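Enquirer: 3D, please:
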Amino acid sequence: MSEQTTQALEALRDKIDEVDQQLLDLIRKRLDLVARVGVVKHGAGLPIYAPAREANMLAKRRAEASDMGIPPQLIEDILRRLMRESYLNEKDMGFKQVKPDLGPVVIIGGNGALGKLFAQMLSLSGYQVRSLDKDDWAEADAILDGAGLVLVSVPISITCEVIRQKLAGLPEHCVLADLTSIKAAPLKAMLETHKGPVIGLHPMFGPDVGSLAKQVVVVCQGRAPEQCQWLLDQIGIWGARLVEAEAEKHDEAMQLVQAMRHFSTFVYGLNLCREEADIASLLQFSSPIYRLELAMVGRLFAQSPELYADIIFAQDHSQQAIGDYLDNYRQALELLKRGDRETFKQWFSEVSQWFGDFAPQFRNESRAMLQSVNDMKPAHS
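Expert: Numbering: from 1, shown residues only. Modelled structure (predicted):
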């Protein structure tokens, strides 16, 4: 490279550095403004996430970007990343307390990861939060005294046992709720054990989320929903989206959404392990979609085996869903062994038609995710 070329590149790079500094200044200014928005929302009790405002803002910025010759998706990607950071900052401002006259909140299993997350959110909302864990039952009467909300967040395998054996003497006005990923059995146990308000909750996210903005919480009503409404309002203020469902229908869906998916991921990882696959080599030759797939497998095995054993073994009927999956896998394998390309294409088309408009929608959604995965790919892998 000639000296003239080197000098021209350095001059342009210096200008880029100046623009980057201006971008940093603007980002800092935006984050500061968002913090002020958080203060106003906190005072007014407004949800941290306003979907209509977000959609309108993104539509305007996309149109403005297009007019300026900037790819609309570029500005949307930048703004979505900024908004994610903004939700984290807004959370630190705290939240309006929906029910100031509530007694202490007791989280059964408060030392667990999910229990700690809800303890943090409730504390940020101004509630007095107590933890009652497995070594605290000798002091249970004192900890539960005057409780306005008892939130059960223990392993699925012992949830019903804990409810029935430990929570029969709660004050009748106390709201009893659980955070279990299956709902019918815990809800039944709560209704049989406690005479007061009961509600079942399933947070559809892990405890490592930085904010509840845009996260889904499934709600299964139990008893006295009007007395539980303040809790749902509080969760809404945190930014979560509430989805009401019947407990039995929820559990049927979880057989596919959780048990079968986690089991198939477990088997995939088990097979890679027993094949002694070289993960570093797989990553070196992986496309973005395979890297994302491998990352999701690795994510499962970075977590607690007890948690996933609970999820997979908790539902009696999950074996049927997993068995059906295995039957379909065997049938597809037979096609491969026979070299039956025509039947494969026929089945492929049937599934494509079944997905309908969701197929192109998912293709577009996944394109953005795959681009992000590719951007984050380390140079050495």
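Enquirer: R62 and T6, how far apart?
Expert: Separation of R62 from T6 (C-beta to C-beta, to the nearest Å): 38 Å. Yep, even glycine has a C-beta here, placed from its N, CA and C like the rest.
Enquirer: so which of these two has more stuff around it?
Expert: R62 (18 against 10; other C-beta atoms under 10 Å).
Enquirer: list the contacts for that one?
Expert: 72-73, 75-76 (C-beta atoms under 8 Å, 6 or more residues apart in numbering).
Enquirer: any idea of the mean pLDDT in the strand ranked longest in the chain?
Expert: Longest strand in the chain by number of residues (criterion: DSSP state E): strand 216-223. Mean per-residue pLDDT for strand 216-223: 97.
Enquirer: ok, and what's touching it?
Expert: By C-beta under 8 Å, 6+ apart, the residues outside strand 216-223 that reach it are 183, 187, 190-191, 196-205, 228, 232, 235, 240-247, 250.
Enquirer: show me where the stretch 101-250 of the chain has its helices.
Expert: Counting by DSSP state H, counting those that start in this stretch, the segments of the stretch 101-250 of the chain that form helices are 113-124, 140-144, 156-166, 184-193, 225-237, 247-254.
Enquirer: save these as CSV, and put in mean neighbour count too.
Expert: Below are those laid out as CSV (neighbours: other C-beta atoms under 10 Å):
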stretch, mean neighbour count
helix 113-124, 19
helix 140-144, 15
helix 156-166, 18
helix 184-193, 20
helix 225-237, 18
helix 247-254, 18
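Enquirer: in a markdown table, list those helices along with distance to R80.
Expert: Listed next are those as a markdown table, based on distance: least, C-beta to C-beta, whole Å:
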| stretch | distance to R80 |
| --- | --- |
| helix 113-124 | 23 |
| helix 140-144 | 42 |
| helix 156-166 | 34 |
| helix 184-193 | 35 |
| helix 225-237 | 21 |
| helix 247-254 | 28 |
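Enquirer: hang on, the earlier thing: need the max-distance pair from the contacts of R62.
Expert: Using C-beta to C-beta, the contacts of R62 span at most 7.6 Å, a distance reached by Q73 and I75.
Enquirer: rewinding a little: okay, the contacts of R62 in JSON lines with secondary structure and distance to F266 next?
Expert: JSON lines is the format used below for the contacts of R62 (DSSP: H, G, I helix; E, B strand; the rest coil; distance: C-beta to C-beta, whole Å):
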{"residue": "P72", "secondary structure": "helix", "distance to F266": "40"}
{"residue": "Q73", "secondary structure": "helix", "distance to F266": "35"}
{"residue": "I75", "secondary structure": "helix", "distance to F266": "40"}
{"residue": "E76", "secondary structure": "helix", "distance to F266": "35"}
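Enquirer: could you identify which of those has the most neighbours?
Expert: Ranking those using other C-beta under 10 Å puts I75 first, with 18 neighbours.
Enquirer: the longest strand of the chain pairs with which strands, parallel or anti?
Expert: With DSSP bridges as the test, strand 216-223 is paired with strand 198-203 (antiparallel), strand 241-244 (parallel).
Enquirer: list the contacts of the first one.
Expert: Meaning strand 198-203. Here strand 198-203 makes contact (C-beta under 8 Å, 6+ apart) with 114, 175-181, 183, 186-187, 190-191, 215-225, 228, 231-232, 235, 240, 247, 250.
Enquirer: buried sites along it?
Expert: Buried residues in strand 198-203, counting neighbours by 16 or more other C-beta atoms under 10 Å, are found at 198-203.
Enquirer: so who does I107 touch?
Expert: 115, 118-119, 129-132, 150-151, 153.
Enquirer: let's see that with 6 Å instead.
Expert: Contacts of I107 were listed using C-beta atoms under 6 Å, 6 or more residues apart in numbering, and they are 115, 119, 131, 151, 153.
Enquirer: nearest to D324 among those residues?
Expert: For the contacts of I107, the residue nearest D324 by C-beta to C-beta is S153; the value is 31.5 Å.
Enquirer: and that closest one, how far is that from Q21?
Expert: 45 Å.
Enquirer: please say which of the two ends up with more neighbours.
Expert: S153 (26 against 10).
Enquirer: can you list phi and psi of the more buried one for me?
Expert: phi -140, psi 70 (degrees, to the nearest 10).
Enquirer: contacting residues for it?
Expert: Neighbour list for S153: 107, 109, 112, 114-115, 179 [criterion: C-beta under 6 Å, 6+ apart].
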